[in-house]
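A.B. asks: 3D model of this:
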Amino acid sequence: MKLHCPCLCLAEVYHVTFDWPEDPELQRKLVEPAGITEDETGKRLLEYHRNIPGILRAFPKKYKKINADQPCMDVFSQVLTFVLSKPRSLAPFTPRILLYGPPGSGRSLQAMLLAQKYDIVNVSCGQVLKEAVADQTKRGLLIEPYIEKQQQ
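C.D. replies: Numbers count the residues shown, from 1 in each chain. I've put the predicted structure just below:
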């Protein structure tokens, strides 16, 4: 289960097992965020399991499966080791990293850590799609029914 602090000063999300804050006052302030009820999470997991086989087929030799059921810094260390283990040449490069996993697996946290480490941009596909809908772009109008359906 994940909890977050509703005050505006912190945008941190804490996992009750792997990333529990040490500050007792912060622990008391934590609440369950909206959108993670058992039914909502079940729907998101079903969608994930429906879509992930096709994504993996698109990148057969370019991905590594990492168990996220461990402390977040251990996951980050494994991701970092994998990314650094495949230099194509001595030329500088910016890694292109696609993080996937079921809801609650820690994708956002790992994306934030990798973006900080490499000074790269963290692109959230969901946020980009929502912005396209909000801006009423051509693509945004096409995907609007799907975004609205997902938010219900």
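
A.B. asks: Gln110 and Met73 touch, don't they?
C.D. replies: No. Checked against C-beta atoms under 8 Å, the pair Gln110 and Met73 is beyond contact range at 10.2 Å. Quick note: C-beta positions are derived from backbone N, CA and C, even for glycine.

A.B. asks: compare the two (neighbour count), which wins?
C.D. replies: Neighbour comparison, Gln110 and Met73: the larger count goes to Gln110, with 22 against 12 (by other C-beta atoms under 10 Å).

A.B. asks: next, the more buried one: phi, psi?
C.D. replies: Backbone torsions of Gln110, given as degrees, to the nearest 10, read phi -60, psi -40.

A.B. asks: after the helix or strand bottoming out on mean pLDDT in the chain, next one along is what?
C.D. replies: Every helix and strand in the chain was compared by mean pLDDT, DSSP states H and E; the lowest is strand 2-4, with a mean of 54. Sequence-wise, the next helix or strand downstream of strand 2-4 (DSSP states H and E) is strand 13-15.

A.B. asks: now the helix or strand following that following strand, how far from the centre of its chain.
C.D. replies: Remark: after strand 13-15, the chain's next helix or strand is helix 24-29, criterion DSSP H and E. Helix 24-29 sits 25 Å away from the centroid of its parent chain (C-alpha atoms, centre = their mean, to the nearest Å).

A.B. asks: one more: stretch 135-145?
C.D. replies: The chain centre lies 23 Å from the centre of stretch 135-145; the measure is C-alpha atoms, centre = their mean.

A.B. asks: and it, what's buried?
C.D. replies: If you call a residue buried by 16 or more other C-beta atoms under 10 Å, then stretch 135-145 has these buried ones: 140, 144.

A.B. asks: tell me the mean pLDDT over stretch 90-104?
C.D. replies: Regarding stretch 90-104, the rounded mean pLDDT is 80.

A.B. asks: make 821 the starting number, not 1.
C.D. replies: I'll keep to 821 as the first residue from here, and by that count the last item is stretch 910-924.

A.B. asks: sort out which residues of it are buried, please.
C.D. replies: 917, 919, 923-924.
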